[in-house]
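Q: coordinates only, sequence not included:
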């Protein structure tokens, strides 16, 4: 199974290298510090905000169950990343075009086909700039080899004691599992900017002192009732309530995200430790 997912990661690198000329797509993995943090909502709203800024976005869904993006936002996915990677389905058929304009494709853990064939070259189907991964962690807190290839890993947390503690544990596990020296952190459902900045600052100081790890801000999203209302409409707040506080935050984060520097000289093997 590890070989299958590892080859999927190689397929993703082929996708990125071939679909934007000199500049590969920016790949960002979003992970939750613990359940019910709202990572899937963050991923969908970020995708919508990026599309509004003129970007073609692919959202890869590693989650399962009723709360996954695939289950909440599509009737039934036509295919999965695995089927695209082995050439069984073109991306245009396998993925679902969401109302916001982003492409959504599930990544199923059980893959069919020859693992050796998973590292397939993906041609000019996805002409995009950003790939978001709604990433799942294994029991040891490690990313899938696919998500470990991301240029940026963002740990999403809420500004509550239990979530902050869980976030630090998550960050520590990611650091030791993948030898990561830099991560980004995002505060979701914050009561206000001062609260979010305090959480970000404290975590950054702790990560630097005890792990030698650079924790950089990925921004914060306001606690906003329009997030729930939009979800009930099967839309993102960015689409449904464009003037809401959360929508403004997501558009701000999306604009900043496009300016994040890429990792240079990081080999895929270094991320699979």
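A: Good, I have the coordinates. Keep in mind it's a predicted model, so treat the numbers as computed, not measured.
Q: what ranges does the stretch 51-200 of the chain have for its strands?
A: Assigned by DSSP state E, counting those that start in this stretch, the stretch 51-200 of the chain shows strands spanning 57-61, 96-97, 103-106, 130-134, 152-157, 182-190.
Q: now those strands in a markdown table, with distance to residue 222, mean neighbour count and mean pLDDT?
A: No exception for glycine: its C-beta is placed from N, CA and C like everyone else's. Output for these, formatted as a markdown table (distance: least, C-beta to C-beta, whole Å; neighbours: other C-beta atoms under 10 Å; pLDDT from 0 to 100):
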| stretch | distance to residue 222 | mean neighbour count | mean pLDDT |
| --- | --- | --- | --- |
| strand 57-61 | 22 | 27 | 94 |
| strand 96-97 | 28 | 16 | 94 |
| strand 103-106 | 25 | 24 | 94 |
| strand 130-134 | 20 | 26 | 93 |
| strand 152-157 | 14 | 25 | 97 |
| strand 182-190 | 6 | 23 | 97 |
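Q: nearest to residue 79, out of the ones you listed?
A: strand 103-106 (7.5 Å; C-beta to C-beta).
Q: what packs against the closest one?
A: Secondary-structure packing of strand 103-106 (3 or more C-beta pairs under 8 Å, 6 or more residues apart in numbering; DSSP states H and E): strand 57-61, helix 69-73, helix 81-85, helix 91-94, strand 96-97.
Q: hang on, the earlier thing: distance to residue 213 added to the strands of the stretch 51-200 of the chain, as JSON lines?
A: What follows is the strands of the stretch 51-200 of the chain, written out as JSON lines (distance: least, C-beta to C-beta, whole Å):
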{"stretch": "strand 57-61", "distance to residue 213": "25"}
{"stretch": "strand 96-97", "distance to residue 213": "36"}
{"stretch": "strand 103-106", "distance to residue 213": "31"}
{"stretch": "strand 130-134", "distance to residue 213": "21"}
{"stretch": "strand 152-157", "distance to residue 213": "11"}
{"stretch": "strand 182-190", "distance to residue 213": "7"}
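Q: closest to residue 89 out of those?
A: strand 103-106 (9.9 Å).
Q: once you drop chain neighbours, what's closest to residue 163?
A: Of all residues not flanking residue 163 in the chain, residue 157 sits nearest, at 4.7 Å (C-beta to C-beta, 6 or more residues apart in numbering).
Q: ok so, going back, of all the strands of the stretch 51-200 of the chain, which one is nearest residue 27?
A: strand 130-134 (4.5 Å).
Q: can you show me the helices along the stretch 101-250 of the chain?
A: Under the criterion DSSP state H, counting those that start in this stretch, the stretch 101-250 of the chain carries helices at the ranges 161-178, 193-211, 225-232, 237-240, 245-257.
Q: okay, the ones you listed in a markdown table with distance to residue 48 next?
A: Output for the helices of the stretch 101-250 of the chain, formatted as a markdown table (distance: least, C-beta to C-beta, whole Å):
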| stretch | distance to residue 48 |
| --- | --- |
| helix 161-178 | 24 |
| helix 193-211 | 21 |
| helix 225-232 | 10 |
| helix 237-240 | 4 |
| helix 245-257 | 7 |
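Q: any chance of these in TSV, plus mean neighbour count and mean pLDDT?
A: Output for those, formatted as TSV (neighbours: other C-beta atoms under 10 Å; pLDDT from 0 to 100):
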stretch	mean neighbour count	mean pLDDT
helix 161-178	18	96
helix 193-211	15	96
helix 225-232	16	96
helix 237-240	24	98
helix 245-257	20	98
